[in-house]
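[1] Build me a model:
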Amino acid sequence: MIQAAFPKLLRSQIAFDIAGAIRDGFDKHYRLFRHTSQQAQRHFERGTWSAAQQDARARIDFYDKRVQECVQILEDEYDPSELTDEVWRELKLHFIGMLSDHKQPELAETFFNSVCCNILHRSYFHNEFIFVRPVVSTEYIETEELRPTYRVYYPETDGLHFTLKRIITNFQLDARFADLTRDVEQVELRLQQVFGGARIEPNHQIQVLSNLFFRNKGAYIVGKVVNGNKQFPFVVPILHNKHGLLLDTVLLDHEQVAILFSFTRAYFLVDMEVPSAYVQFLRSLLPRKPRSEIYTILGLQKQGKTLFYRDYLQHLKHSSDQFEIAPGIRGLVMLVFALPSFPYVFKVIKDFYPAPKETTRALIKEKYLLVKHHDRVGRMADTLEYSNVAFPRSRFKEELLAELKQHAPSLVEEDGDNIVIRHLYIERRMVPLNMWLTSANDDELQVEHGVREYGDAIKELVAANIFPGDMLYKNFGVTRHQRVVFYDYDEIEYITDCQFRAIPQARTEEEEMASEPWYTVGKHDVFPEQFGSFLLGNAKIRKYFMQHHGDLLTPAWWQARKQRIMDGHVEDVFPYPQHIRFCNQHSTPPAAIQPPFMETLENE
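    As a prediction, the model looks like this:
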């Protein structure tokens with residue numbers, strides 16, 4: 001078809017065939033991706049949580065596997081001498097034509113780039129052979145299936161109670177609700193508490209995405225309420241209990257929804273025929289969250305990486321500050337640098353690690369990969385991993401460049417006007433907790449909040465079978481939502497691999513006074529009683545730590561949590577405040593239902 005339309009421009013049958021092979025490789029990938037997302041509903045209905053976790057972990061690797069399959073096919077089928085520059089140019093044009101009616105063109109373009117960059121030398125990464133910018137528009141792509149991207153409901157026509165019940169039953173979950181009428185009444189009451197005095201405009205409606213969002217042990221109805229020129233989120237978590245399904249709460253606050261879709265949480269599983277339409281809808285709820293993060297949290301992390309890198313290049317073009325060593329205590333394993341005007345940090349694994357660190361680059365990369373595949377429960381930052389990233393040399397401070405060459409010479413290459421770093425991680429920038437606590441030392445409420453969040457973070461990591469290893473405050477950060485998040489992964493272990501022991505009683509005075517432990521210590525032995533010696537030197541911190549999290553210093557607490565995991569329990573970790581859950585409605589503080597978000601999105 002394309003060759004007939006452009007006979008003089010496109011003459012290569014090889015280019016046409018390769019373009020078709022890449023398109024077919026992507027279509028296979030997305031078909032499997034959607035199948036896993038569809039399976040998530042069955043797991044939720046049946047409560048097969050372990051199988052759901054396995055599927056979620058496996059899906060993360062789908063993309064790379066399909067890319068490697070496609071690369072292997074092309075390398076087996078074609079001799080490198082056949083892939084001339086002219087063939088590569090035509091290949092891209094053929095591929096564009098094949099996406100004219102595609103439902104996921106932006107994802108297919110990224111897949112094309114991944115395949116090509118696995119074959120081409122990096123000097124070609126930013127030329128006319130690949131999609132440096134998107135070419136095929138994602139605007140107004142129509143679904144071909146029976147379900148549109150979202151449904152619209154009109155409470156003024158049908159009544160709010162009936163409308164809410166219809167929203168829920170339209171998902172046709174194959175599981176019984178314990179008491180749907182009661183739950184709908186609770187959602188209705190919460191809506192009336194928050195918006196009961198608002199004037200109803202002619203366009204009053206509730207828009208709800210047609211497919212549920214699944215993660216961990218929850219399913220989420222995601223939508224928004226439109227009333228005149230105002231829009232606010234409408235998110236309803238559905239959970240299981242021993243009596244059946246229940247509606248756990250309703251999220252109506254932009255900040256609560258932003259935390260639900262945080263970069264510190266596992267990716268959602270949601271069946272999307274047109275993912276760009278879902279992203280556009282979610283951006284209306286989360287206008288300050290970049291599209292890259294929304295694609296990522298939907299499980300399309302490679303698209304997120306692509307968009308992030310484009311945003312980064314644009315930022316670089318329109319800024320003039322220099323990269324510098326990130327503030328905070330220097331790490332033994334990672335060299336961390338930042339661009340002050342850009343809200344991310346860049347982390348490079350050092351070549352050498354002084355005592356007491358005993359690790360390797362390969363082992364550190366395994367730890368980061370473990371976190372990528374694991375449930376992050378809102379307490380571990382997601383990372384973007386890149387290879388062969390070129391930075392303008394003129395934007396590097398000499399001190400930073402000297403540090404890179406000293407500590408990671410194997411990963412740094414000077415290439416003309418560029419500094420090329422062969423491998424790095426990029427992560428959302430946060431305030432290191434040790435610095436945050438120091439700055440808050442004169443504010444009792446802030447210190448208490450930071451210490452309580454720190455302990456909560458550890459306990460939620462434990463619930464997800466993660467032991468942080470190095471629990472120093474410098475390895476945790478504070479987000480803009482004042483949440484404490486762990487971000488240093490080189491010493492993490494599974495809780496189930498650790499042995500939590502009490503310190504044995506000294507048998508003699510010599511043993512008690514010894515500078516080194518007189519008892520044997522295994523590689524995975526952990527002594528919680530020792531945590532206080534390096535965590536609680538500050539009197540204020542000690543007071544609030546013992547008040548809220550003193551149990552973390554007892555071996556029995558850790559042993560009990562480990563045993564629950566080994567017994568097969570999958571713990572509940574809620575991505576929203578406990579006090580807004582319907583089961584706690586009588587203790588809901590009045591401030592929890594105030595509408596600080598009832599303003600137009602244009603003003604946010």
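[2] Figure out the length between the terminal residues of stretch 249-259.
    15 Å (CA to CA, to the nearest Å).
[3] SS state for the residue nearest the centre of the chain?
    Residue closest to the average C-alpha location in the chain (CA atoms, centre = their mean): Phe263, at 3.5 Å. Using DSSP: H, G, I helix; E, B strand; the rest coil, the structure places Phe263 in coil.
[4] got it, and Met471?
    Applying three-state DSSP: Met471 is coil.
[5] give me the beta-bridge partners of the closest residue to Phe391 other than its chain neighbours?
    Leaving aside its chain neighbours, Phe391 sits nearest to Ile419 (4.7 Å; criterion: CB to CB, 6 or more residues apart in numbering). In this view, the C-beta of every residue, glycine as well, is placed from N, C-alpha and C. Taking DSSP bridges as the rule, Ile419 bridges to Phe391, Glu414.
[6] In terms of residue numbering, what are the domains of this structure?
    2-124, 150-299+582-603, 319-429, 433-569 (automatic domain parsing).
[7] Helices along the stretch 251-400 of the chain, start to end?
    Assigned by DSSP state H, counting those that start in this stretch, the helices in the stretch 251-400 of the chain fall at 254-260, 275-285, 291-297, 301-317, 361-373, 398-407.
[8] any idea how far stretch 506-522 is from the chain center?
    Chain-centre distance of stretch 506-522: 44 Å, with CA atoms, centre = their mean, to the nearest Å.
[9] Then stretch 437-444?
    30 Å.
[10] and if you look at stretch 135-150?
    The answer for stretch 135-150 is 25 Å, by CA atoms, centre = their mean.
[11] And stretch 68-85, by the same measure?
    34 Å.
[12] sorry, back to before: which among the domains of the chain is found nearest to Lys305?
    Lys305 lies closest to domain 319-429 among those, at 5.4 Å (CB to CB).
[13] that older thread, how far away is the closest residue to the residue nearest to the centre of the chain other than its chain neighbours from Gly197?
    Closest residue to Phe263 apart from its sequence neighbours, by CB to CB, 6+ apart: Asp382 at 4.8 Å. In this view, Asp382 and Gly197 are 40 Å apart by CB to CB, to the nearest Å.
[14] Mind checking what helix or strand follows the one helix or strand in the chain whose mean pLDDT sits lowest in sequence?
    Least confident helix or strand of the chain, by mean pLDDT, DSSP states H and E, is helix 2-5 with a mean of 46. Counting by DSSP states H and E, the next helix or strand C-terminal to helix 2-5 is helix 13-46.
[15] follow-up on the earlier one: could you dump the domains of the chain to CSV with distance to Leu307?
    Shown next, in CSV, are these (distance: least, CB to CB, whole Å):
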stretch, distance to Leu307
domain 2-124, 9
domain 150-299+582-603, 4
domain 319-429, 11
domain 433-569, 20
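[16] of those, which approaches Tyr309 most closely?
    Here domain 319-429 is closest among the domains of the chain (CB to CB), at 7.6 Å.
[17] chain center to whichever strand or helix holds Val115: distance?
    Assigned by DSSP H and E, Val115 belongs to helix 105-119. Centroid separation between helix 105-119 and its chain, computed with CA atoms, centre = their mean, is 22 Å.
[18] Poorly predicted segments of the stretch 251-400 of the chain, please.
    Along the stretch 251-400 of the chain, no part satisfies pLDDT under 70.
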